[in-house]
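for reference, the sequence and a predicted model appear below.
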Amino acid sequence: MKKIIPLISISALLLAACGESAAVESSPTVVAAEMSEATGYTESLSYTGYAAADETKNFSFLLSGKISEVCVEKGEAVKAGQVLAKLDTESVQLAIDTANDNIRLAENQISQVNTNIAVQKLTLEKTQIGIDAEKLNLKKIQDSYNSEINTIMTNYNSVKADYDRAKELYENGYISETDFEDAQYALDTVTETLNTAKSNMENDVGLEEKSIESMENDYKLQEQAVKNSEDQLSAAQISLSQAKTALESANKNLTDSTLYSTVDGYVTAVVLKAGEVTSAGTPVVCVKSGDQVINVGVGTADYPKLSTGMRAEVSYNGDTYEAAITNIALYPDETTRTYNVEITPENCDVAMGTLVNVQIPIGESEGCFIPISAVFNSGGVDYVYVLEEDGYGYYRTVRTEVILGTLNSDKILAENLETGVYVVTDGVTDIYDNQQVSIKEGVAYE
């Protein structure tokens, strides 16, 4: 059986035999290289558009209703801003009047409720003052009775002591029955006085506490009345807001009840007549404009980035024309699933149907740009060769996949390439990955 020697072992033996000289190839290929740089640029969306013939615009109302008047005839020349048709506004005017009435009612209710709340809060404040005064009066009554009872108690204790001595003397025969009866009468009198004072205190304090309790109950009722009024105020404010919203909507409908031309041109068709009912979006008048536009199909990813009024550039046959976005379709085309964007160029006159290049700047950015000559394609993937020092005074090529972006003169944006690296710029189809190369004289590599 033959013995199989692994390739890695053979390579190791060869390297050991050759020493360091194996690290340097006999004749390294000479290449040109250039450092990738971070460059500021205008980020743009690029499309291919086509010049459209005179455009026909179908004008329709934004709401449904009965047409009261068509103000133009077929073949008539019209100007931008000219009235084309009107809807009957009786129901719209009724909605405006109703909204204004509701606003007045809500404002009156808010004013009345605010007045009620002010009165109720004043009453609440007075009730609280009364409660505080009654509590102070209760304390005075308690203090007065306590002082009186303390005095009576002092007298009672003295009379009770006299009674106890008289009783003892009487029982031992030292005083007469009349003297003992006088002591008994004095004790009964002071006891009755003490009990009367305590009873009066209990009655007067009880009456005062009931008065305070009644006032506190009134205070709670008044607090609830304030809360109820504040709830009414909140409801009235909501009604006012709703009425104002309804008025805004009705005023918008009133404005939308008049159909205006947005272009200069002439009427090609009057689709509906006065007295007929139209739905929102149904064409009423068709106008052909004399303006030339460039139509571009925009995908869903770029659609949110665009808006009417944005500047653009149209390039054709080496010439560039300033332009602006004038219309963006609300819905995508059912076939292409792209949104049609109309771009109106300035001082541009190309044959209808001609394909042109369109650039729409969307912001300033910064990226890594490399010469176009540094890029090669293999299997549908874009690559460049990046140079790395090999430690022997030469360099190794590293094939690196790149994602290409915006073209800037003779350089192109490599979105995933780091700045500050050197890439081979010439003869990239004649070298291969991990090849030892040297730098063409006059090109610095740091």
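Structure's in. What do you need? Numbering: from 1, shown residues only.

residues touching the most centrally placed residue in the chain, list them.
Centrality entry for the chain: nearest residue to the mean C-alpha point is residue 304, 16.6 Å, by Cα atoms, centre = their mean. If a contact means Cβ atoms under 8 Å, 6 or more residues apart in numbering, then residue 304 has no contacts. Glycine gets a C-beta too; all of them are placed from N, C-alpha and C.

just confirm it is within a strand.
No - per DSSP: H, G, I helix; E, B strand; the rest coil, residue 304 lies outside any strand segment and is helix.

which is the next helix or strand following the longest helix belonging to the chain?
The single longest helix within the chain, with elements called by DSSP state H, is helix 90-171. Downstream of helix 90-171, the first helix or strand assigned by DSSP states H and E is helix 177-256.

buried residues in the next helix or strand after that following helix?
Toward the C-terminus, helix 177-256 is succeeded by strand 258-260 as the next helix or strand (DSSP H and E). Under the neighbour-count criterion of 16 or more other Cβ atoms under 10 Å, strand 258-260 has residue 259 buried.

just checking, what packs against strand 258-260?
strand 56-60, strand 83-87 (3 or more Cβ pairs under 8 Å, 6 or more residues apart in numbering; DSSP states H and E).

now those in a markdown table, with mean neighbour count?
Below are the helices and strands packed on strand 258-260 laid out as a markdown table (neighbours: other Cβ atoms under 10 Å):
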| stretch | mean neighbour count |
| --- | --- |
| strand 56-60 | 17 |
| strand 83-87 | 21 |
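
for residue 325, which of those is the nearest?
strand 56-60 (16.1 Å; Cβ to Cβ).

listing partners with orientation, what would you give for that closest one?
Neighbouring strands of strand 56-60 in its sheet, by DSSP bridges, are strand 283-289 (antiparallel).

next one: the strand it pairs with to chain centre, how far?
38 Å (Cα atoms, centre = their mean, to the nearest Å).

what does stretch 169-180 give?
103 Å.

next one: stretch 386-399
52 Å.

buried residues in it?
Result for stretch 386-399 [16+ other Cβ under 10 Å]: buried residues 386-387, 394-397, 399.

and the contacts of it?
Surrounding stretch 386-399, the residues in contact under the criterion Cβ under 8 Å, 6+ apart are 20, 23-24, 28, 31, 33, 383-385, 400, 421-424, 431-439, 445.

likewise stretch 97-108?
236-237, 239-240, 242-244, 246-247, 250.

check stretch 225-245 too.
Contacts for stretch 225-245 (Cβ under 8 Å, 6+ apart): 99, 102-103, 105-107, 109-110, 113-114, 116-117, 120-121, 124.

quick check: mean pLDDT of it?
In this model, stretch 225-245 has a mean pLDDT of 95.

over to stretch 32-42?
82.

now the strands for the stretch 301-446 of the chain?
Under the criterion DSSP state E, counting those that start in this stretch, the stretch 301-446 of the chain carries strands at the ranges 311-316, 319-328, 339-345, 355-371, 376-378, 381-389, 395-401, 404-408, 411-414, 422-424, 436-439.

distance to residue 216 and mean pLDDT added to those strands, as CSV?
Shown next, in CSV, are those (distance: least, Cβ to Cβ, whole Å; pLDDT from 0 to 100):
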stretch, distance to residue 216, mean pLDDT
strand 311-316, 74, 90
strand 319-328, 68, 89
strand 339-345, 70, 89
strand 355-371, 68, 86
strand 376-378, 91, 89
strand 381-389, 86, 92
strand 395-401, 84, 93
strand 404-408, 78, 80
strand 411-414, 80, 86
strand 422-424, 89, 90
strand 436-439, 98, 87
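
and the helices and strands packed on strand 258-260 as CSV, adding mean pLDDT and distance to residue 38?
Shown next, in CSV, are the helices and strands packed on strand 258-260 (pLDDT from 0 to 100; distance: least, Cβ to Cβ, whole Å):
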stretch, mean pLDDT, distance to residue 38
strand 56-60, 88, 46
strand 83-87, 95, 54
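
what would those strands look like in CSV with distance to residue 323?
Listed next are the helices and strands packed on strand 258-260 as CSV, based on distance: least, Cβ to Cβ, whole Å:
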stretch, distance to residue 323
strand 56-60, 19
strand 83-87, 27
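
to residue 333, which of those lies closest?
strand 56-60 (16.1 Å).

and the closest one, how far from the chain's centre?
The chain centre lies 34 Å from the centre of strand 56-60; the measure is Cα atoms, centre = their mean.

likewise for stretch 220-235?
Averaged over its C-alpha atoms, stretch 220-235 has a centre that lies 34 Å from its chain's centre (Cα atoms, centre = their mean).

same check on stretch 211-229?
44 Å.

out of the strands of the stretch 301-446 of the chain, which is the most enclosed?
Compared across those, strand 422-424 shows the largest average neighbour count, a mean of 26 (mean count of other Cβ atoms under 10 Å).

from the contact counts, what lies against it?
strand 33-35, strand 381-389.

output these in CSV; the columns should cover distance to residue 162.
Listed next are the helices and strands packed on strand 422-424 as CSV, based on distance: least, Cβ to Cβ, whole Å:
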stretch, distance to residue 162
strand 33-35, 124
strand 381-389, 124
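
looking at those, spot the one closest to residue 414.
strand 381-389 (7.0 Å).

what angle do the closest one and strand 395-401 make?
150 degrees (axes from the mean of the first three to the mean of the last three Cα atoms, to 10 degrees).

what angle sits between strand 381-389 and strand 355-371?
Going by the same axes, to 10 degrees, strand 381-389 makes 20 degrees with strand 355-371.
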